[in-house]
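Novice: model this:
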Amino acid sequence: YRMASVSRHNGEERGAGRRRTRDDREDADVAGHAEGEYKEYIPVRKRRELALNRLKEKQLLRVKEEEEEREETVLPQRQSLLDRRAELLQKAEEQKHTREENIAREEKELLEKMEERKPLMSVKELARGVQYVQPLTTTWRPPSHIRNMAEADREEIRDQWHILVEGEDIPPPIKAFKDMRFPRGILDALRSKGILKPT
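Specialist: Residues are numbered from 1 along each chain as shown. I've put the predicted structure just below:
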């Protein structure tokens, strides 16, 4: 009997506690209604759908912004082929001018260096400042068949072998080392190095 009354007593308290909570809620709702802050109850499923829709909208906005950024960066690349060709031709022309200017400058520098250097002088002679006033005397003479060659034949050989000469008393061109009367050891050494004709 005692246990039944305790459980009944606890049940009443529980029920009363629940009622109080409901009553408290009702009082809060009435107070909120009076102040104008009443919020309509939205079921959980509906709230989740709304939250999901908001997330989708945010993602769509983000995707659109990214696409716009890509389009802005891609726009310069979306040129017609004719425009692209004209642009490339203009760049090539600019590079050609600079390349031609560089080549002209290099050629000018080479010519200046060539003018500074005396032909047929060693570095040692140039460093010492040796200047030859008279031609070097030598006993060497070309063979008679080369010496007796006509001037027209000499010019023809020079043109054929692209030999450029300047000055007075120019010796005739010789096409073989053998005709230069070099010693046999020098001829063998030249042949072993693969040098067969004078250049």
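
Novice: those helices in the chain, which residues are they?
Specialist: With DSSP state H applied, the chain shows helices at 2-35, 44-74, 81-116, 123-128, 144-147, 151-160, 184-192, listed in chain order.

Novice: could those go into JSON lines alongside mean pLDDT?
Specialist: Conversion of the helices of the chain to JSON lines gives the following (pLDDT from 0 to 100):
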{"stretch": "helix 2-35", "mean pLDDT": "50"}
{"stretch": "helix 44-74", "mean pLDDT": "86"}
{"stretch": "helix 81-116", "mean pLDDT": "83"}
{"stretch": "helix 123-128", "mean pLDDT": "81"}
{"stretch": "helix 144-147", "mean pLDDT": "87"}
{"stretch": "helix 151-160", "mean pLDDT": "90"}
{"stretch": "helix 184-192", "mean pLDDT": "90"}
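
Novice: next, format those helices as a markdown table and append mean neighbour count and distance to Glu166.
Specialist: Backbone N, C-alpha and C define where each C-beta goes, glycine included. Putting the helices of the chain into a markdown table (neighbours: other CB atoms under 10 Å; distance: least, CB to CB, whole Å) gives the following:
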| stretch | mean neighbour count | distance to Glu166 |
| --- | --- | --- |
| helix 2-35 | 10 | 115 |
| helix 44-74 | 10 | 64 |
| helix 81-116 | 10 | 13 |
| helix 123-128 | 10 | 20 |
| helix 144-147 | 12 | 20 |
| helix 151-160 | 12 | 12 |
| helix 184-192 | 11 | 26 |
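
Novice: could those go into a markdown table alongside distance to Pro172?
Specialist: Putting the helices of the chain into a markdown table (distance: least, CB to CB, whole Å) gives the following:
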| stretch | distance to Pro172 |
| --- | --- |
| helix 2-35 | 125 |
| helix 44-74 | 73 |
| helix 81-116 | 26 |
| helix 123-128 | 27 |
| helix 144-147 | 5 |
| helix 151-160 | 5 |
| helix 184-192 | 20 |
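
Novice: nearest to Pro173, out of those?
Specialist: Closest approach to Pro173 among those (CB to CB): helix 151-160, 4.7 Å.

Novice: about what we covered before: for Lys175, which of the helices of the chain is the nearest?
Specialist: Here helix 151-160 is closest among those (CB to CB), at 6.9 Å.

Novice: roughly how far apart are Met121 and Val130?
Specialist: Distance of Met121 to Val130, given as CB to CB, to the nearest Å: 7 Å.

Novice: ok, back up a step: Gln134 is nearest to which of the helices of the chain?
Specialist: Nearest of those to Gln134, taken as CB to CB: helix 123-128 at 15.0 Å.

Novice: how far away from the center of its chain is that closest one?
Specialist: 45 Å (CA atoms, centre = their mean, to the nearest Å).

Novice: export that helix to CSV, keeping only CA atoms.
Specialist: C-alpha atoms of helix 123-128 as CSV (Å, rounded to 0.1, in the frame of the first residue of the first chain):
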residue,chain,number,x,y,z
VAL,A,123,99.8,38.5,-80.5
LYS,A,124,103.3,38.8,-79.3
GLU,A,125,104.3,41.2,-82.1
LEU,A,126,101.1,43.2,-81.5
ALA,A,127,101.8,43.4,-77.7
ARG,A,128,105.4,44.6,-78.3
